[in-house]
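In: Quick one, what's the 3D model for this:
(one chain, ligands or ions: 1)
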Amino acid sequence: MVHLFTPFTLRSVTLRNRVVVSPMCEYSCEDGFATDWHLVHLGSRAVGGAGLVFAEATAVEARGRISPGDLGIWKDEHIEPLARAAGFIRAHGAAAGIQIAHAGRKASTRVPWDRHGSQIAPGDGGWIPVAPSPIPFRDGETTPHELTREEIRGLIQAFADAARRAILAGFEVIEIHGAHGYLIHEFLSPLANHRNDEYGGSFDNRIRLACEIAAAVRAAIPESTPLFLRISATDWAEGGWTLDESVELARRVKEAGVDLIDCSSGGMVPYAKIELGPGYQVPFSERIRREAQIPTAAVGMITEPDQAEEIVAQGRADLTMLAREFLRDPYWPLRAAKALGVKAPVPVQYERAW
Ligand SMILES: Cc1cc2nc3c(=O)[nH]c(=O)nc-3n(C[C@H](O)[C@H](O)[C@H](O)COP(=O)(O)O)c2cc1C
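Out: Residues are numbered from 1 along each chain as shown. Predicted coordinates for the structure are as follows:
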C-alpha cells in the first residue's frame, strides 16, 4: 500500500492524497489583490496533482504585509480575485487552502529580489511595523510599535474577518500563520515578547494571542472547515521558544478548535543556528503528533517520493508539505505517484503524456 496517495479527511474535507503545496509568498500584488499570477501559479499545482494547494501568507491588515507586494484579505474587494483561484483549484480535484497572516515586526520590507528584501523606512513608502514589544528584528531597523491591548483585540477581529472572507472566496482549509518570526510567533517567543501584561511573561500569557486568534477564527468559519496552525516548533536560539512549549501549545489550540499543526521552525532571530538537512523538521512533527495527539504536517527539504512516503507510512506526519520542490516541478505529485507505482491523478487533458 502506498500511504502518500491515500485520502485524508479532516472535518468535512477529504484530500485526495497527502501531498500539500506549502504556502509561498509570490510578492506579486498591488494593494493586496490576487492577480492572474496567482491563478496560474496555484492552479498549475492543482493540475499537477496536489491534494491541497495553499495560497501564500495573506495579510489580515495592510500593515501586516511583509512587503507592499503581499497578498491581502483585509477588505471585501479582495474576495473576488481570490475566489477565481480557489474555484480553479477545486475544479481540478485539489482542496483550496489559504494561510492568513500578519508579519508583525518583520513587515515593511522590499520584495526579496529588490535589494535583498531590506526594510523600507516609513518615509520611503514603508510603514511602522507592530509587535508585542518595541524590539526590531535586526539592529538598526525601525523600532516596531508596541501593540496596546485594544489594538490586540482589533487584530484578533482582523484574523476572524479574514477567515470569514476566505470562506466567502471558496477556500476549504484555513491556516493561521503562527511561525517564522511573524506576529503570532513574536508573542510566543520570549526573544520578541517582553510584555508585562496578560500577553507576556509566563507560557500561558505568551500563548494567549495564538489561542484567542484560533478560537476567533474557529468561531468565524463553518464547523465543517478544517483549521491548521503553522508554528515554528523551535527558535533554534538560546532563550527562545522550544519544542516542549510547542507540544503544549498544540494541546491547547486543539481545545480551541485547531485540527492540524503544520510544523516548521525558525525565523525569530537572524542569528538562529538551524540544523538544515533533508526532512530536518520531521522530528518536530513526529513528536507533536505523538505527544499532543493531533494530526500534523511535516515540511522542509522533503523532495523525494520515497522520503515523503516513508514520513506518512511511519506515522511521522499525516501530510507532507513541499515548497521549493513545487517551484521546480508543479507536477511533482504526478511523478511521485508514478515512481511509487500508483495511479497518478492526471487530468484528462494530459492523459496521453502519462
Ligand atoms: C518563495 C517562498 C515563499 C515562502 N512563503 C511562505 C509563506 O507565505 N508562508 C509560510 O508559512 N512559509 C513560506 N515559505 C516557507 C515554505 O512554505 C516552506 O516552509 C519552506 O520553504 C521549507 O520547505 P521546502 O524545503 O520544501 O522549500 C516560503 C518559501 C519560499 C521558498
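In: Which parts of the stretch 251-354 of the chain are strands?
Out: In the stretch 251-354 of the chain, strands defined by DSSP state E, counting those that start in this stretch lie at 260-264, 296-299, 319-322, listed in chain order.
In: So which residues on the stretch 1-150 of the chain come close to the ligand?
Out: Within the stretch 1-150 of the chain, the positions adjacent to the ligand are 22-25, 56-57, 99 by C-beta under 6 Å from any ligand atom. Heads up, the C-betas are built off the backbone N, CA and C, glycines and all.
In: rerun at 5 Å
Out: 22-25, 56-57 (C-beta under 5 Å from any ligand atom).
In: Can you flag which of the residues you listed belong to strands?
Out: 56-57 (DSSP state E).
In: Show me how to select, in PyMOL, the buried members of the residues of the stretch 1-150 of the chain next to the ligand.
Out: What follows is the PyMOL syntax selecting those of these that are buried according to 16 or more other C-beta atoms under 10 Å:
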select buried, resi 22+23+24+25+56+57
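In: List just the nearest of the residues of the stretch 1-150 of the chain next to the ligand to Glu309.
Out: Ser22 (17.7 Å; C-beta to C-beta).
In: pretty sure that closest one contacts Leu327?
Out: No. Taking C-beta atoms under 8 Å as the definition, Ser22 is not a contact partner of Leu327, at 10.3 Å.
In: which ones are touching the residue of the stretch 51-200 of the chain found nearest the ligand?
Out: With C-beta to the nearest ligand atom as the measure, Ala57 is the residue of the stretch 51-200 of the chain nearest to the ligand, at 3.3 Å. Each residue near Ala57 by C-beta atoms under 8 Å, 6 or more residues apart in numbering is listed here: 23, 25, 66, 70-71, 99, 101, 103, 177, 182.
In: will you turn the residues you listed into a markdown table that also has secondary structure?
Out: Converted to a markdown table, the contacts of Ala57 look like this (DSSP: H, G, I helix; E, B strand; the rest coil):
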| residue | secondary structure |
| --- | --- |
| Pro23 | coil |
| Cys25 | coil |
| Ile66 | coil |
| Asp70 | coil |
| Leu71 | strand |
| Gln99 | strand |
| Ala101 | strand |
| Ala103 | coil |
| His177 | strand |
| Tyr182 | coil |
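In: In a markdown table, list these along with pLDDT.
Out: Below are the contacts of Ala57 laid out as a markdown table (pLDDT from 0 to 100):
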| residue | pLDDT |
| --- | --- |
| Pro23 | 98 |
| Cys25 | 98 |
| Ile66 | 98 |
| Asp70 | 98 |
| Leu71 | 98 |
| Gln99 | 99 |
| Ala101 | 99 |
| Ala103 | 98 |
| His177 | 99 |
| Tyr182 | 98 |
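In: what's the closest of those residues to Val40?
Out: Leu71 (14.4 Å).
In: residue contacts, Val19?
Out: 4, 49-52, 308, 319-320, 322, 332-333, 336.
In: Met301 now?
Out: By C-beta under 8 Å, 6+ apart, Met301 lies in contact with 276-280.
In: now it: how far from Gly279?
Out: Met301 sits 6 Å away from Gly279 when distances are taken as C-beta to C-beta, to the nearest Å.
In: returning to what we had before: pLDDT and neighbour count added to the contacts of Val19, as TSV?
Out: Supplementary listing: the contacts of Val19 in TSV, determined by pLDDT from 0 to 100; neighbours: other C-beta atoms under 10 Å:
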residue	pLDDT	neighbour count
Leu4	98	24
Gly49	98	26
Ala50	98	32
Gly51	98	25
Leu52	98	30
Ala308	98	28
Leu319	99	26
Thr320	99	27
Leu322	98	24
Trp332	98	22
Pro333	98	31
Ala336	98	27
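In: Among the residues you listed, which lie within helices?
Out: 308, 332-333, 336 (DSSP state H).
In: which of those residues lies closest to Thr142?
Out: Top of the list for closeness to Thr142, among these and by C-beta to C-beta, is Trp332 at 39.0 Å.
In: my guess is the closest one contacts Val47, does it?
Out: No. The pair Trp332 / Val47 is not scored as a contact, 11.8 Å apart, by C-beta under 8 Å.
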